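A.B. asks: Whatever this is, show me its structure:
(chains A, B and C)
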Amino acid sequence: MPAGRTHGAPRIDGETLLAFGTRLRAWYRRNARDLPWRATRDPYHILVSELMLQQTQVSRVMEFYPRFLERFPTLEVLAAARETHVVAAWEGLGYYARARNLHKLSRAVVREGAAAWGDPPSNGRATLPPDAESLRRLPGVGPYTAGAVSSFAFERRAALVDTNVARLITRVFAPRLDARRARDQKRIWAITEATLPRTGKATWVHNQALMELGALVCTARVKRCGVCPLRRLCKTYQRRM
DNA sequence: AATGCGGGGGG
DNA sequence: CCCCCAGCATT
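C.D. replies: Sure, this is the predicted structure:
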């Protein structure tokens, strides 16, 4: 299957895909916000940030993330804590099932993690699996979070689609698709995968950049096309919106 | 496929 | 005052 051929979606030529990624990542290197979870590769820390960020804005998570990790710095510490204490540290963030799932997850991983995904015996530290497929089986971890942890913590070449990426991809490549329609999700994932660079390292930047551009430039209510690096290849822009 | 889950901020 | 926000589990 040639690059750019996506399941039922309009074919995107390789040159366009290349230009898309190159411009996107160049923009990110100059415009990215300095966020704490971008300065670490600790899988547990990344996981906490991703769970907190589910349906929750960055500015809100910033108020909780450092404090939570100070209180529960490792999977082992979290697993040893009582659930009520974990939920208490989550108080104010909302969607408290995330906290309960995180706690449950920590106990599962500490107890049987190494056996489940063949961790190197190493120093007895519990770790998360690096592949999206295994991550996906953990409680509270869906398709997005699995891809995010695989890419951002382990620098694997994994795709991820959140609300930002879905909006950006549809606007640039497939304005007929609706990110909110379940049926279109498959095709949006396929297009997103087709845009990924070759290596895991570059994919880390690429994925961060997709979300950052969606969060800062190609937002839900305002399209800042005047400062968008993808303007010239964007189908929505070409249609004069 | 549809719904519940929290709470705050922006247009 | 709605709509939206680095979604997921359940039905």
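A.B. asks: use CA for all of it now, contacts and neighbours both
C.D. replies: Fine.
A.B. asks: Poorly predicted segments of chain A, please.
C.D. replies: Where chain A drops to pLDDT under 70, the residues are A:1-10, A:114-115, A:118-124, A:241.
A.B. asks: repeat that with 50
C.D. replies: Within chain A, the ranges that satisfy pLDDT under 50 run A:1-7, A:121.
A.B. asks: Could you list the domains of it?
C.D. replies: As recorded under automatic domain parsing, the domains making up chain A are A:14-32+A:161-238, A:42-152.
A.B. asks: could you dump the ones you listed to TSV with mean neighbour count and distance to DNA strand B?
C.D. replies: What follows is the domains of chain A, written out as TSV (neighbours: other CA atoms under 10 Å; distance: least, CA to the nearest atom of the strand, whole Å):
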stretch	mean neighbour count	distance to DNA strand B
domain A:14-32+A:161-238	18	5
domain A:42-152	17	3
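A.B. asks: closest one to DNA strand C among these?
C.D. replies: domain A:42-152 (3.0 Å; CA to the nearest atom of the strand).
A.B. asks: before we move on, the earlier item: dump the domains of chain A to a markdown table, plus distance to DNA strand C.
C.D. replies: Formatted as a markdown table, the domains of chain A follow (distance: least, CA to the nearest atom of the strand, whole Å):
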| stretch | distance to DNA strand C |
| --- | --- |
| domain A:14-32+A:161-238 | 4 |
| domain A:42-152 | 3 |
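A.B. asks: Could I get the contacting residues of residue A:136?
C.D. replies: A:142-143, A:145-146 (CA atoms under 8 Å, 6 or more residues apart in numbering).
A.B. asks: so of the residues you listed, which ones are in helices?
C.D. replies: Counting by DSSP state H, those place A:143, A:145-146 in helices.
A.B. asks: need the helices for chain A, in chain order.
C.D. replies: Using DSSP H, the helices assigned to chain A run over residues A:14-31, A:43-53, A:58-62, A:65-71, A:75-80, A:83-90, A:97-117, A:132-135, A:143-152, A:163-173, A:182-195, A:200-216, A:235-238.
A.B. asks: which of the contacts of residue A:136 lies closest to residue A:90?
C.D. replies: Among these, residue A:145 lies closest to residue A:90 (CA to CA), at 18.4 Å.
A.B. asks: Does the closest one touch residue A:50 like I think?
C.D. replies: Yes. If you go by CA atoms under 8 Å, residue A:145 and residue A:50 touch, sitting 6.3 Å apart.
A.B. asks: residue nearest the centroid of chain A?
C.D. replies: Centroid-nearest residue in chain A, with CA atoms, centre = their mean: residue A:148, separated by 3.4 Å.
A.B. asks: Tell me the spacing between that residue and residue A:82.
C.D. replies: 27 Å (CA to CA, to the nearest Å).
A.B. asks: what's the answer for residue A:38, then?
C.D. replies: Counting by CA to CA - residue A:38 and residue A:82 are separated by 29 Å.
A.B. asks: same check, this time on residue A:128
C.D. replies: Residue A:128 is 21 Å from residue A:82, where distance means CA to CA.
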